[in-house]
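**Q** Return a 3D structure for these sequence lines:
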Amino acid sequence: LTKKGNLICFHNKQSPCNSVIHSGDNLTGEGDGDDEQIMVNLKAIPADVHKVLVVVNIYDAVNRKQDFGMIKSAYIRVINAAGNSELIKFNLSDNYTGFTALICGELYRQGGEWKFAAIGEGSHAAHINQLAERYV
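**A** Reported below is the predicted structural model:
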C-alpha cells in the first residue's frame, strides 16, 4: 500500500487494515510451488488508498552478492483467488541479470474499479525501503 507505514514485506507481514497479508520469507527457494504469497483483498483496502505497488527483491542482495540472473526459475505472478486463474506472470531471471529488485507493476483505482499496470522496471535497490521511499 502506498501510505507511509503500510510497507508489507518480510519484516511487516500484514497491513493495519488486514487487506494485505504476506505469507513469510523463503530465503532458500526449497520446496515445490510458490515460495511466498501475498494475499490482497481489494475490497478491504481503505478508500483513501489509491495504489498498491507490486515489488520483489532479493533479501540482503549486496552482502550475498546475488542478482536475479543468478536465480533459476524465479518468477512473480498475480492470481485471482476466485477461480485460481493466473492474470500476470513475470520471469525474473531472464531479463533482469544484475538487478536486485524489480517493480513489477501496480494495482490502482480508476473510476471505482481496480486495474493492474505492468511496469517491469529493474532496480539496484539494496533494501525494499529504498523502493518504498519513491512512493511515499
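**Q** wait, what's in contact with Gly112?
**A** Applying CB atoms under 8 Å, 6 or more residues apart in numbering to Gly112 gives no contacts. Any C-beta I mention is one placed from the backbone N, CA and C, and that applies to glycine too.
**Q** Would you point out the helix or strand in this structure whose mean pLDDT is lowest?
**A** Lowest on mean pLDDT, DSSP states H and E among the helices and strands of the chain sits helix 128-132, with a mean of 74.
**Q** Tell me the helices and strands packed up against that helix.
**A** Where contact means 3 or more CB pairs under 8 Å, 6 or more residues apart in numbering; DSSP states H and E, helix 128-132 is packed against strand 51-57, strand 101-110.
**Q** Turn the ones you listed into TSV, including distance to Gln37 and mean pLDDT.
**A** TSV is the format used below for these (distance: least, CB to CB, whole Å; pLDDT from 0 to 100):
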stretch	distance to Gln37	mean pLDDT
strand 51-57	12	84
strand 101-110	14	88
